[in-house]
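Novice: coordinates only, no sequence provided:
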């Protein structure tokens with residue numbers, strides 16, 4: 001749902017959807033998977049659109065750490081997070 005909200009410009013709703021997903025993933029113990037890293041990155045993008053740059057940077061940093069471990073530094077998802085970090 002978060003991605004759909006993001007695509008239509010409803011960034012606050014997107015952030016809330018991603019926040020709900022992150023909470024559920026953390027609660028279930030899914031804290032180090034590549035999927036979790038991608039969700040954190042997407043939530044960071046929504047935060048950028050809401051001008052919550054500090055929060056976005058923290059999310060991108062957490063996503064970077066996870067994706068480097070799970071996918072490696074040259075994977076497209078990891079490279080995307082590097083790009084997002086550079087822009088914040």
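Specialist: Cool, the structure landed. Predicted model only: the values in this text are computed from it and were never measured. Numbers count the residues shown, from 1 in each chain.

Novice: centre of the chain to the longest helix belonging to the chain, how far?
Specialist: As assigned by DSSP state H, the longest helix anywhere in the chain is helix 53-71. Centre-to-centre, helix 53-71 and its host chain are 7 Å apart (Cα atoms, centre = their mean, to the nearest Å).

Novice: and it, what does it pack onto?
Specialist: In terms of contacts (3 or more Cβ pairs under 8 Å, 6 or more residues apart in numbering; DSSP states H and E), helix 53-71 is packed against helix 34-49, helix 76-87. In this view, the C-beta of every residue, glycine as well, is placed from N, C-alpha and C.

Novice: orientation of the last one relative to helix 34-49 in degrees?
Specialist: If you take axes from the mean of the first three to the mean of the last three Cα atoms, to 10 degrees, helix 76-87 sits at 30 degrees to helix 34-49.

Novice: could I get the buried residue list for stretch 21-37?
Specialist: Neighbour counts over stretch 21-37 (16 or more other Cβ atoms under 10 Å) mark 21-22, 25, 34, 36-37 as buried.

Novice: what's the end-to-end length of it?
Specialist: Terminal residues of stretch 21-37 lie 12 Å apart, using Cα to Cα, to the nearest Å.

Novice: contacts for it?
Specialist: Stretch 21-37 is contacted from outside by 2, 39-40, 43, 62-64, 66-67, 69-71, 77, 81, using Cβ atoms under 8 Å, 6 or more residues apart in numbering.

Novice: now do stretch 64-79
Specialist: So stretch 64-79 is contacted by 31-34, 36-38, 40-41, 81-82, 85 (Cβ under 8 Å, 6+ apart).
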